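Asks: predicted model and sequence follow; I will ask about them next.
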Amino acid sequence: MIKRVLFALVTVWVAITLNFLLFRTLPGNAVSALYVEDLAHGNLGNSLTTEGPVWDEIKPALKNTLPMIMLGTGFSIIFGILAGVIASWRRGTWVDRGNMWVSLAFYSMPPQWLGLMLFFFVATAVGLPQSGLSSPDLGVLSEPSFAAYWSDRLQHMILPALTLGLVLYGDYTLIVRSAMLETLGEDYVLTARAKGLSNWSIVWKHGLRNALLPIVTLVALSLGFIIGGTFTIEYVFSYPGVGYETVQAIDRRDYPVLQGIFLLLTMSVILFNLIADLLYFKLDPRVTS
């Protein structure tokens, strides 16, 4: 565990160094210096546009992105794992084939294209907001209640979260199905069947539990890259999150803000990879041997 943590810290150090140098090799005006010593105190420098601290520019966008990511990822994890388990259990049937076609379709769709399809067809048919974070008339006459505020936020969050969830759904379903098929062919599963255990017990208690390693890896990797993967989704729906802020910073050539965002993305990838490594010790005792 100590070796894994130290490796993660070294990776962070290398990423910070490259992140510092990368944007200074780009063409454009000089940017304010960002030193490693300032990073240790949470100082990411100042925005070239607003002249305010970079963290103050990123923090509101991050607060908007995280709930949307949690909603979309929760959807994909629950339904992706469920669909993958059912497909492996009913291998070779129309249920399995249907799941495979649907999963491959969503897995292959570019997020921005899927977002546009939901934007033009689903939003219009269902009456969901198509862009922004909240309704313009919310709170004009009086302060909205807590329920009204979050109900409006949720409605604006549904389409970008659904886009993210459907793309990840295909990924989770395919990986879970593959891991479950390998696990269900093991000798201990055949022994459980010979003992007369129910299909429910075999699939969920013996199969899924022992197929968690690749699932944990996939979840950790996807969580690390999700914030970066929402760039196109947030831009399609004009959702003011980290992805949308990144595009705006590129247009403004605001290099300190871009540097802070990419540092945030790097840290998230390293952190979730480290969490996956540490979970392996709990899930698979063979890792320590």
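Replies: Received, thanks.

Asks: all helices for the protein, in order.
Replies: 2-22, 36-40, 54-89, 94-108, 111-117, 123-126, 146-184, 187-194, 199-200, 208-210, 212-229, 231-236, 242-252, 255-283 (DSSP state H).

Asks: just put these in TSV and tack on mean pLDDT.
Replies: Shown next, in TSV, are the helices of the chain (pLDDT from 0 to 100):
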stretch	mean pLDDT
helix 2-22	77
helix 36-40	56
helix 54-89	87
helix 94-108	89
helix 111-117	87
helix 123-126	78
helix 146-184	86
helix 187-194	78
helix 199-200	74
helix 208-210	75
helix 212-229	72
helix 231-236	84
helix 242-252	84
helix 255-283	80
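
Asks: distance to residue 132 and mean neighbour count added to the ones you listed, as JSON lines?
Replies: All C-beta atoms are positioned from the backbone trio N, CA, C, and that covers glycine. Formatted as JSON lines, the helices of the chain follow (distance: least, C-beta to C-beta, whole Å; neighbours: other C-beta atoms under 10 Å):
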{"stretch": "helix 2-22", "distance to residue 132": "31", "mean neighbour count": "13"}
{"stretch": "helix 36-40", "distance to residue 132": "33", "mean neighbour count": "11"}
{"stretch": "helix 54-89", "distance to residue 132": "11", "mean neighbour count": "19"}
{"stretch": "helix 94-108", "distance to residue 132": "25", "mean neighbour count": "15"}
{"stretch": "helix 111-117", "distance to residue 132": "14", "mean neighbour count": "17"}
{"stretch": "helix 123-126", "distance to residue 132": "12", "mean neighbour count": "12"}
{"stretch": "helix 146-184", "distance to residue 132": "6", "mean neighbour count": "20"}
{"stretch": "helix 187-194", "distance to residue 132": "50", "mean neighbour count": "12"}
{"stretch": "helix 199-200", "distance to residue 132": "45", "mean neighbour count": "10"}
{"stretch": "helix 208-210", "distance to residue 132": "40", "mean neighbour count": "16"}
{"stretch": "helix 212-229", "distance to residue 132": "20", "mean neighbour count": "19"}
{"stretch": "helix 231-236", "distance to residue 132": "11", "mean neighbour count": "22"}
{"stretch": "helix 242-252", "distance to residue 132": "10", "mean neighbour count": "19"}
{"stretch": "helix 255-283", "distance to residue 132": "21", "mean neighbour count": "19"}
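
Asks: so which of those helices gets nearest residue 137?
Replies: Smallest distance to residue 137 across the helices of the chain (C-beta to C-beta): 9.8 Å, for helix 146-184.

Asks: quick check, residue 52 in contact with residue 45.
Replies: No: assessed by C-beta atoms under 8 Å, residue 52 is found out of contact with residue 45, at 10.4 Å.

Asks: check contacts around residue 257.
Replies: Residue 257 makes contact with 47, 48, 49, 54, 57, 58, 245, 249, according to C-beta atoms under 8 Å, 6 or more residues apart in numbering.

Asks: for it, which non-adjacent residue is spatially closest?
Replies: Nearest non-adjacent residue to residue 257, counting by C-beta to C-beta, 6 or more residues apart in numbering: residue 249, 4.2 Å away.

Asks: now residue 110
Replies: In space, residue 110 is closest to residue 232, 7.7 Å off (C-beta to C-beta, 6+ apart).

Asks: compare residue 52 and residue 45 (neighbour count), which wins?
Replies: The residue with more neighbours, out of residue 52 and residue 45, is residue 45; 20 against 10, by other C-beta atoms under 10 Å.

Asks: do you know how far that one is from residue 256?
Replies: Taking C-beta to C-beta, to the nearest Å as the measure, residue 45 falls 4 Å from residue 256.

Asks: related to what we said a few turns ago, so the residue nearest to residue 257 touches residue 262, yeah?
Replies: No: between residue 249 and residue 262 there is no contact under C-beta under 8 Å: 10.2 Å.

Asks: alright, that wraps it up for me.
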